[in-house]
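1. Need a 3D model of the sequence below.
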Amino acid sequence: MTPPPPIFPDFLPDLAQHLAGLKIGQYRGDGKYTTFTPPAIYFGTIPDEAGYSIAINQYDHITTLGRSTSTPALKVQFRARGNQHPHSPAQILDRIYIALHEQTHFDLDNSTTVLHCARHLRGPEEKDTQGRWTRADSYTFTLNPQGA
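-> Okay, the predicted model is just below:
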């Protein structure tokens with residue numbers, strides 16, 4: 001079954017651009033990278049040929065946290081690929097944690113204000129088929145879209 005299209009189609013690209021602005025990763029809308037320093041940012045899966053990388057995916061529908069339909073909460077997973085060292089994904093994900101966890105009231109390029117961001121799951125490190133380590137962390141972003 002194909003997942004539904006994102007409700008806020010600009011949110012993930014703007015989040016990727018935000019991470020690029022913080023020098024945590026690099027973001028190219030066409031997904032074509034010539035280097036993986038800083039880590040390349042993708043949506044969906046990370047291509048096999050990619051080195052240090054970050055995949056950003058929304059995996060849950062909007063919830064309203066009982067306050068108002070104008071403050072949806074989106075769940076987003078950041079999956080980082082490192083190298084053959086088991087702690088290499090942490091070098092990427094720890095920077096995302098420092099930049100985003102418990103941050104409030106920051107704006108993205110599409111006029112969406114992130115009211116609150118919190119990591120709610122730190123995943124275990126795992127090896128991929130090529131012996132590179134990966135880890136996925138999940139966050140909840142409570143939004144105030146389009147200045148609503």
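2. mind saving the C-alpha coords of the longest helix along the chain as CSV?
-> Of all segments of type helix in the chain, defined using DSSP state H, the longest is helix 88-100. Output for helix 88-100, consisting of C-alpha atoms alone and laid out as CSV, is shown next (Å, rounded to 0.1, in the frame of the first residue of the first chain):
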residue,chain,number,x,y,z
SER,A,88,29.2,6.8,13.9
PRO,A,89,25.4,7.4,13.5
ALA,A,90,25.5,9.1,16.9
GLN,A,91,27.9,11.7,15.5
ILE,A,92,25.1,12.9,13.2
LEU,A,93,22.0,12.2,15.4
ASP,A,94,23.5,13.8,18.5
ARG,A,95,23.9,17.1,16.6
ILE,A,96,20.2,16.8,15.5
TYR,A,97,19.2,16.2,19.1
ILE,A,98,21.2,19.2,20.3
ALA,A,99,19.7,21.4,17.6
LEU,A,100,16.0,20.3,17.9
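3. what does it contact?
-> Under the criterion CB atoms under 8 Å, 6 or more residues apart in numbering, residues 19, 22, 24-25, 39, 52, 54, 78, 80-82, 117, 119, 122, 125, 132-135, 137, 139 lie in contact with helix 88-100. Heads up, the C-betas are built off the backbone N, CA and C, glycines and all.
4. And the buried ones among those residues, selectable in PyMOL?
-> Remark: buried members of the contacts of helix 88-100, expressed as a PyMOL selection using 16 or more other CB atoms under 10 Å:
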select buried, resi 19+24+25+39+52+54+78+80+81+82+117+119+125+132+133+134+135+137+139
